[in-house]
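Participant: Provided below for reference: sequence and predicted model.
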Amino acid sequence: MDINYRCKIPQCEGLNDSLWIEFAIPKVNNKFEKCNTYEFVGEGEKCEANSFNRSSIVKCDAYVYSDEDSIVKDFDLACQHWKRTFVGSAYSAGFFIALPLTGVFSDNFGRVKAISVATAMYGVFGLLRSFSNGYLMFVMAEFLETASAAAAYSASFVFGMELVQPSGRVFGNTLMNFSYIFGSMTLPMIAWWLQNWRYMLRLVYTPSFIVISYLLFVNESPRWLLSKGRAEEAISIILKAEKMNNVKLPDHLLASLKASPKSEDEDRYEPFSSVFVKVVKSRTMLFRLILYCYLWITCSFGYYGLSINSVSLAGNKYLNFMLVAFIEMPANALCCMVLNKFGRKKVLITWYTLSAVFCISLSLLPKQDSIWPLIFYLAGKFSITVSYTTVYISVSEAFPTNARQSLLAVCSTTGRIGSTLAPLTPLLALYYQNLPTIFFGSLALTASVLSFATPETNNLTLPDNTKEAEKISK
């Protein structure tokens, strides 16, 4: 976010008396402008009322910054709003590279390898960014961080979904999201405590290197191994799980896993490359892919947009960010209660609509000395979080195992159009304060209508091939 600064006026800076600011800098709504000053027409180092031409306003060429820790101050970004907001866009743009590549990597080499390598890359570029000596290096490190590592979460999500039975997917997703929320709430606490963005990055990213050890002791997804025809390895892991949980699976279930893939189902172990061809040729699957891509765009645009704009709300920016993050916890708890009971489609339609109502209504509420804008803002974030979680689960259930990570990556990559544009939305507030939330609400409204076309995947077994995935719609 922006910080406090003003024009630097060399003729006046050394004076103990700061009254000269009153006649040196224009005011808008009783606040000093940050980017403009009255033209200096005095002589020498005198700084008096008649030293400025109040009928002539000029752009600043140097600035005096407040004592706040920020890249705006460190890299001299005053009044360069596009550079400030572009940091978030550069971060999100990296997803367009990372998600497809990691999706292919995960579907070919396994979930655990994808998670471990991607998270280690997070640590490398996150720490590198903390040593940035200029804006360009900072933005490049921001982009490369996500370009090499952004799919760590989606790979973890798919891994988790493949470990649980249909009735356990929502609860498993809720546990993962609670961890995500805990991280989101911890971030502003660390920033508030350290008040130094370089130290904050070093503290936040160093634990990423621990995840590389997953290669040594975390077992691969048995479902992924089975999809690759590696039944013996999958059964070995299942037997470990039997021992750890003190349970015994029926012998006929283990025997069925050892059966020859060709005798069971010709398509069950089809290579992921052929799945893409079948998706493109299938009208049902292609329409489903396009539909989920749009829903993902609207979710990411509203979700990240509301998070980013929260620091501009009245009050403490750290507490506001924590509140907007915390509201995701009851949202995910609600998902856990309603998704299995009412199904995916009804939840999507309902909460997309509510998100639109809350966001658009913000423009109708009084702003002065009222808590209602904050309440509606949190309600909007609550609603879009429910929608986002539901979309995530629906996508993971709607596509076949061999290409699940890759097709989820396609949806997530396309959805990053929304998260790439979201950091730019604070610029809209320069023209009208509620314009960002009106945009969020409008997109959510169209998504609620399109959600009628989504397939219902509640309590269905995950499809292992294209034919099984097509049957979901029927």
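Facilitator: The structure has been received and is ready for your questions.
Participant: contacts, neighbours, all on C-alpha from now
Facilitator: Will do.
Participant: domain assignment for this structure?
Facilitator: Residue ranges for the domains of the chain, per automatic domain parsing: 5-68, 72-220+270-471, 231-264.
Participant: deepest-packed of these, please.
Facilitator: Most buried of the domains of the chain, by mean neighbour count (mean count of other Cα atoms under 10 Å): domain 72-220+270-471, with a mean of 20.
Participant: Val139 and Val87 touch, don't they?
Facilitator: Yes - using Cα atoms under 8 Å, Val139 makes contact with Val87 at a distance of 5.9 Å.
Participant: can you find the helix or strand in the chain with the smallest mean pLDDT?
Facilitator: Lowest mean confidence among the helices and strands of the chain (mean pLDDT, DSSP states H and E): helix 261-264, at a mean of 45.
Participant: and Ile71, how many residues sit next to it?
Facilitator: By other Cα atoms under 10 Å, the residues close to Ile71 number 21.
Participant: show residues contacting stretch 191-203.
Facilitator: Residues from elsewhere that reach stretch 191-203, judged by Cα atoms under 8 Å, 6 or more residues apart in numbering: Glu68, Asp69, Ser70, Ile71, Gly126, Leu127, Arg129, Ser130, Phe131, Ile190, Tyr318.
Participant: show me the contacts for the last one.
Facilitator: This points to Tyr318. Each residue near Tyr318 by Cα under 8 Å, 6+ apart is listed here: Pro188, Met189, Ala191, Trp192, Val311.
Participant: the same query, at a cut-off of 10 Å, please.
Facilitator: Contacts for Tyr318 were tallied using Cα atoms under 10 Å, 6 or more residues apart in numbering; they are Met185, Leu187, Pro188, Met189, Ile190, Ala191, Trp192, Ser310, Val311.
Participant: just the fourth one next, same as before
Facilitator: When contacts are counted by Cα under 10 Å, 6+ apart, Ile71 is found next to 1-3, 77-78, 84, 132, 134-135, 138, 196-198.
Participant: any chance of those in a markdown table with pLDDT as columns?
Facilitator: A markdown table is the format used below for these (pLDDT from 0 to 100):
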| residue | pLDDT |
| --- | --- |
| Met1 | 77 |
| Asp2 | 84 |
| Ile3 | 89 |
| Leu77 | 94 |
| Ala78 | 93 |
| Arg84 | 90 |
| Ser132 | 96 |
| Gly134 | 94 |
| Tyr135 | 96 |
| Phe138 | 97 |
| Asn196 | 94 |
| Trp197 | 95 |
| Arg198 | 96 |
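Participant: just name the closest of the residues you listed to Val58, please.
Facilitator: Within the contacts of Ile71, distances to Val58 taken as Cα to Cα reach their minimum at Ala78, with 15.3 Å.
Participant: using the three-state scheme, assign the closest one.
Facilitator: Secondary structure for Ala78, judged by DSSP: H, G, I helix; E, B strand; the rest coil, is coil.
Participant: I figured it hits Ser66, correct?
Facilitator: No - with contact defined as Cα atoms under 10 Å, Ala78 does not reach Ser66; the gap is 11.3 Å.
Participant: now for the two: what residues contact both?
Facilitator: Common neighbours of Ala78 and Ser66, using Cα under 10 Å, 6+ apart, are Ile3, Asn4, Tyr5, Arg6.
Participant: go ahead and confirm the last one touches Lys31.
Facilitator: No - look at Arg6 against Lys31 with Cα under 10 Å: they stay out of range, at 11.0 Å.
Participant: okay, and the common contacts of these two?
Facilitator: Residues touching both Arg6 and Lys31 (Cα under 10 Å, 6+ apart): Ile25.
Participant: setting aside sequence neighbours, what's the nearest residue to Tyr91?
Facilitator: Phe143 (4.8 Å; Cα to Cα, 6 or more residues apart in numbering).
Participant: quick one: mean pLDDT over the secondary structure element (helix or strand) that Thr186 belongs to.
Facilitator: Assigned by DSSP states H and E, Thr186 belongs to helix 169-194. Averaged across helix 169-194, the pLDDT comes to 89.
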